[in-house]
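Trainee: What follows is a predicted protein model with its sequence.
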Amino acid sequence: MKGPRDPVAARAGVGYSSEDAWLLEVAPGVGDVEAEFPLEAPIEVADGDELRFVVFPESASADERRWESTYLCLDAVLDDGRRLSEVGLVDQYGQALTTAAQGQGKRALVDQWNLRRVALTGLAGRRIERLLVVARAAEVPLRVWVDDVGVRPVRPLPAEPLDQVDIRRGTHSSDRFSRGNNAPLVGLPHGGVFGLPMTNAAAGNWPYAWHAHNRDTDGGPNRPAIEAFATSHIPSPWMGDHGVFGVMPSPLIEPDDDRRARALGFDHDDEEAGPHRYAVALDGGVTAELVPGDFALGMRFTGARSLVLDHHGEIRSLTCENGREGLIVRALLDDREGKPAQHIHLRVEGTSQLRLGGGRLRGHIALNGARAVDVRLGISTVSDEQAAANLEAAGSFDEMAARARAAWEQALSTIEVEGASEDQLVSIRSGLYRLFLYPNRYGEGPGHAHTSPYDLTTVRHAPMTVTHGFWDTYRTAWPLLALLDPAGAGELAEGFVEHFRDRGWTPRWSAPAAEDCMTGTTFDTVLADLALRGVPGIDLETAYASALKNATVPADDVRVGRKGLRRAIFRGYVATETHEGMSWTLDNAINDWGISRLARVLNEDRASEDLAAEGEYFSRRALGYRNVFDTSRGFFIGRTPSGDWRDGFDPDEWGHDYTETNAWGTAFTAPHDGAGLAALHGGEAALGAKLDDFFARPETGAASLSGHYGFAIHEMTEARDVRMGMLGLSNQPAHHIPFMYMFAGRHDDAHRIVHECLGRLFVGSDLGQGYPGDEDNGEMSAWYVFATIGLYPLVPGSASYVIVPPSVRRTVLRPRDGKEIVIEAVGSGGYIRSVTLGGAPWDEISIPHARLVDGARLVIELSEVPCGWAKDSRPQSASRIAPGLPVTDATVVAPASLTDDTGETAIALRSGEQVEVPLVGGRRLSLYTVTSAEPGDLAWALDYLDAGGATVAREERAAETYVWAGQTRVFRVRRGDPVVACAVRFTALSDCVLTQLELIEDDLENRQDEH
């Protein structure tokens, strides 16, 4: 074995850059052990040099003792006898070169390569005589691999923000362990196609790996190699790519048709990996450049004698011709079932010849000479003519390059930072790249033509947006887009509303059509949040209709709508009969809160009885998370259809009720109502204590706790490796948890944890890492950017931010078409001493979006120690914005009736027929729902009866429209005048087929009774 045996995201059996890494094995219990790393000759240190090395601590056990492996460092002995660890030098993260500092710094990860750079400041003219590897093993044996050791000049960070972006961040990942799980994509902001260098041209999920795809090449052993430059539409590796068509330059006139034989090696140092242009020097004297257009790509190859064409899937049709401008290839690519076919219009400048091999487009284009050649490619879901038009609109290679650079410079200009480290600058700029890369426009050309991603045949003409997962991005990405580019955010959101016009539903996940992925119809929350922030460009009427359908109509397709909704509407929770039903319940509550806020926005300029009733109804449904909280055990737990708690509950066990987490990970999943959550836990002090327990209890990542998954999924091991108790900040469900201390008034604790997360978990940019877990469509990037500059959108549906200590000295936000927002940090430390807004004291933990967007100057005085700033202030909470109690059904549940709480028993009533519904005693009623099996206009009368059956009140309704089959509609009792009744009589005034009646208790009366 010449390298680590089982790396989680690298090639096994080799070093990082060499064939044979150096190994140190340490026995336990002997303290620090040092061994001399082989050095051919003393190293002369010049001004501006740094020591660089990579280390791979190999785990010896699956429990927490594995972290002993991170107590390791590389030291050096100088020609004057001093050690680097004695002269005060630190690595790029500020950690001293001792085993204690490195281990306690918790920045090294086990079973992965970790890069360390040490600026040799003040040592110019000295010599390094010896290199020492120092490691410590307390209870279990330790193996440490070391490689790529050397002294070299520091590579200066480019001055321009765009050139500080590294699109390779997150690519040193795998399906076993994510440090981002990104692909290095070039593209326009929210453009229609990505350009992608592929180290594995056959892969539709992990197409570019920083190290795992290394191989032995003509240029040397254990090197990366590129196999294709391709079109891509990849949303994430877990969703897979589609529309992949590749072009690969070759120095050979007749390249071998074997995929691996034609790969060309390269060095990562030779990559120029920007969002606007990817360039690389390849073996064989070939250079390649890749630039994007809206629905086009430009490629420029130098030194190539031929071009290899590659693709995923099948080619339905193919034609080629030699024209005035060169070879034109037209192909129709059909590479994934259920995805739109892509028309490929490829132009190669100059005279060339296409040669095909086999029945697939595994052929090549012979070039005349090895001069520079431009290859331009247009794509379309509509036709070859549209693909050609898209290519024409993109212009030449140089025009595409210039437009892409200008577009990204404009996007990155929305945030300017001062007083940031180089690592912070790279992380912020690269985070903005990820934010503005997704989602993607789907409509092509001036008319926004596109083939429907749903029926795959109809050509529609309207802006549509695709490639996005809302379960992730509602948390941070959309609030940051709304802050930096409100008009653009509105346009993109409106493009998702177009899915509702096309298919009748908005997607939970778009790739490009709706996909059955994740819990919650969280686009509902996105729409509400954008509306509350005053984002323009959204048809709010249609947007609200789409959200209303998600919340009130059981879907006919598992890819859309809310699972388990048919019964959950009336039970108040999604039962265990639905996979991850408890998580659906929690997400539904958050999304219902958004719908209630959206109804409120729509009703501001009108006096709509329907909107008022719906707003009240959904604000009460937003408290439904309480229905799955077991106060005796202090956790959210799944409930069976009969209402019992799920058997076999273990809070450490993943899966079952919980989406990609466990009961600890969902113990605080009510960010829209932190005050109500605190009450469930027993008050603010109890909430704080629960959070303390959460951060004290270590996540083990043990396969025995993997629940229904059956194996330790990558989110489990990533959460373990965060090393902050149960905090799996590596996955989106945990992203709000550090801030939840604020609902207990313990803001300093929140600030401490956020500060640690920023400093530890987003490292490794220069090794293709940079994230603690999956960077999904800009969400994790936006988390980092928000937390770094001092704001965080904690409470969905509130259009507000909580304030945290900035990690940079000064930030200037320059929203497109907006006013500057300045955030300044004064002093130093990870806590807040005081805040001023526009020169006046600000003592609230939250700040409204509206107070910022008109132009603001926020000055935050920092402190090295906790100060208790704003200790009496709390973030906004749903139960305080709209006080109330969860929906409580007052009807007696009766099997096979309109009150059986199934929503499945269809009762046909002719006009004049009646149904009497008993209540559970005398109840004060404020709302009721009627569910119709069929769309159409309904009319009815309701008589409210006392204990003796006498009518105490009556109301009639006519022409109540049901748009969708199975829709549940809510109405105010007597149009807003509550009534006490023991039963109700429903009289049909039109023929109808109903599936449920629900009478809802008045929550105001209940609250008065409680007090």
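Mentor: Cool, the structure landed.
Trainee: Show me how far the helix ranked longest in the chain is from its chain's centre.
Mentor: Longest helix in the chain by number of residues (criterion: DSSP state H): helix 581-602. Relative to its parent chain, helix 581-602 has a centroid offset of 19 Å by C-alpha atoms, centre = their mean, to the nearest Å.
Trainee: quick one, the helix or strand just after it and helix 581-602 angle?
Mentor: Elements were assigned by DSSP states H and E; along the chain past helix 581-602, the next helix or strand is helix 609-621. Angle of helix 609-621 versus helix 581-602, following axes from the mean of the first three to the mean of the last three C-alpha atoms, to 10 degrees, is 140 degrees.
Trainee: Can you tell me which helices and strands helix 609-621 packs against?
Mentor: helix 540-552, helix 581-602, strand 914-932, strand 968-972 (3 or more C-beta pairs under 8 Å, 6 or more residues apart in numbering; DSSP states H and E). Where C-beta positions appear, they are placed from N, C-alpha and C, glycine not excepted.
Trainee: which one of the ones you listed lies closest to residue 988?
Mentor: Closest to residue 988 of the helices and strands packed on helix 609-621 is strand 914-932 (C-beta to C-beta; 7.5 Å).
Trainee: Check which element follows the closest one along the chain.
Mentor: Next along the chain after strand 914-932, taking DSSP H and E as the criterion, comes strand 936-945.
Trainee: Go through stretch 100-118 and flag the buried ones.
Mentor: Residues of stretch 100-118 classed as buried: 101-103, 105-118 (neighbour count, 16 or more other C-beta atoms under 10 Å).
Trainee: Next, work out how far apart residue 426 and residue 164 are.
Mentor: Distance, residue 426 to residue 164, using C-beta to C-beta, to the nearest Å: 5 Å.
Trainee: can you list residues touching both of the two?
Mentor: Counting by C-beta atoms under 8 Å, 6 or more residues apart in numbering, the contacts common to residue 426 and residue 164 are residue 157.
Trainee: Give me the pLDDT for the residue nearest the centre of the chain.
Mentor: In the chain, the residue lying closest to the centroid (C-alpha atoms, centre = their mean) is residue 776, at 3.1 Å. Note for residue 776: predicted pLDDT of 95.
Trainee: Could you do residue 259 as well?
Mentor: On pLDDT, residue 259 comes in at 60.
Trainee: Kindly reformat the helices and strands packed on helix 609-621 as a markdown table containing mean pLDDT.
Mentor: Putting the helices and strands packed on helix 609-621 into a markdown table (pLDDT from 0 to 100) gives the following:
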| stretch | mean pLDDT |
| --- | --- |
| helix 540-552 | 98 |
| helix 581-602 | 97 |
| strand 914-932 | 96 |
| strand 968-972 | 97 |
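Trainee: got these as TSV, with distance to residue 236 and mean neighbour count columns?
Mentor: Shown next, in TSV, are the helices and strands packed on helix 609-621 (distance: least, C-beta to C-beta, whole Å; neighbours: other C-beta atoms under 10 Å):
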stretch	distance to residue 236	mean neighbour count
helix 540-552	23	21
helix 581-602	19	26
strand 914-932	37	19
strand 968-972	34	21
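Trainee: Residue 905 is nearest to which of these?
Mentor: strand 914-932 (10.3 Å).
Trainee: Return the alpha-carbon coordinates of that closest one using CSV.
Mentor: Extracted as CSV, the C-alpha positions of strand 914-932 are listed here (Å, rounded to 0.1, in the frame of the first residue of the first chain):
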residue,chain,number,x,y,z
GLN,A,914,-79.2,17.5,4.8
VAL,A,915,-76.4,16.1,7.1
GLU,A,916,-76.3,16.6,10.8
VAL,A,917,-72.9,16.8,12.4
PRO,A,918,-72.6,16.4,16.2
LEU,A,919,-69.9,18.3,18.1
VAL,A,920,-67.9,17.2,21.2
GLY,A,921,-70.0,19.2,23.6
GLY,A,922,-70.9,22.9,23.3
ARG,A,923,-68.2,24.6,21.4
ARG,A,924,-67.6,28.2,20.3
LEU,A,925,-66.9,28.0,16.6
SER,A,926,-65.1,30.5,14.4
LEU,A,927,-64.1,28.7,11.2
TYR,A,928,-65.2,25.7,9.3
THR,A,929,-64.0,23.8,6.2
VAL,A,930,-65.9,22.0,3.4
THR,A,931,-64.1,19.6,1.2
SER,A,932,-65.5,18.9,-2.2
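Trainee: Show me what it is packed up against.
Mentor: Using 3+ C-beta pairs under 8 Å, 6+ apart, the elements in contact with strand 914-932 are helix 609-621, strand 936-945, strand 968-972, strand 979-988, strand 992-1001, helix 1003-1010.
Trainee: mind redoing it with 10 Å?
Mentor: Contact partners of strand 914-932 among helices and strands, from 3 or more C-beta pairs under 10 Å, 6 or more residues apart in numbering; DSSP states H and E: helix 565-571, helix 609-621, strand 936-945, strand 951-962, strand 968-972, strand 979-988, strand 992-1001, helix 1003-1010.
Trainee: Looks to me like the residue nearest to the centre of the chain is in a helix.
Mentor: No - using DSSP: H, G, I helix; E, B strand; the rest coil, the assignment for residue 776 is coil, not a helix.
Trainee: Check whether it really touches residue 435, as I assumed.
Mentor: No - using C-beta atoms under 10 Å, residue 776 makes no contact with residue 435, being 11.6 Å away.
Trainee: Could you tell me which residues touch both of these two?
Mentor: Shared contacts of residue 776 and residue 435 (C-beta atoms under 10 Å, 6 or more residues apart in numbering): 473, 477.
Trainee: For the spatially closest residue to residue 267 that is not a sequence neighbour, give the beta-bridge partners.
Mentor: Residue nearest to residue 267 in three dimensions, not counting chain neighbours: residue 223, with 7.2 Å by C-beta to C-beta, 6 or more residues apart in numbering. Note on residue 223: beta-bridge partners residue 215, judged by DSSP bridges.
Trainee: Residue 223: neighbour count?
Mentor: 18 (other C-beta atoms under 10 Å).
Trainee: so who does it touch?
Mentor: 17, 214-217, 263, 265-268, 283.
Trainee: now swap in residue 621 and tell me
Mentor: Residue 621 makes contacts with 551, 569, 572, 588-589, 591-593, 595-596, 886-887, 970, as judged by C-beta under 10 Å, 6+ apart.
Trainee: what does residue 676 give?
Mentor: 589, 622-623, 625-626, 629, 670, 743, 877-880, 886.
Trainee: now do 6 Å
Mentor: Listed by C-beta atoms under 6 Å, 6 or more residues apart in numbering, the contact set of residue 676 reads residue 879.
Trainee: Now do it, the pLDDT please.
Mentor: The model reports residue 676 with a pLDDT of 97.
Trainee: and what of residue 313?
Mentor: Reading off the model, residue 313 has pLDDT 90.
Trainee: How about it, nearest residue that isn't a chain neighbour?
Mentor: Closest residue to residue 313 apart from its sequence neighbours, by C-beta to C-beta, 6+ apart: residue 335 at 2.6 Å.
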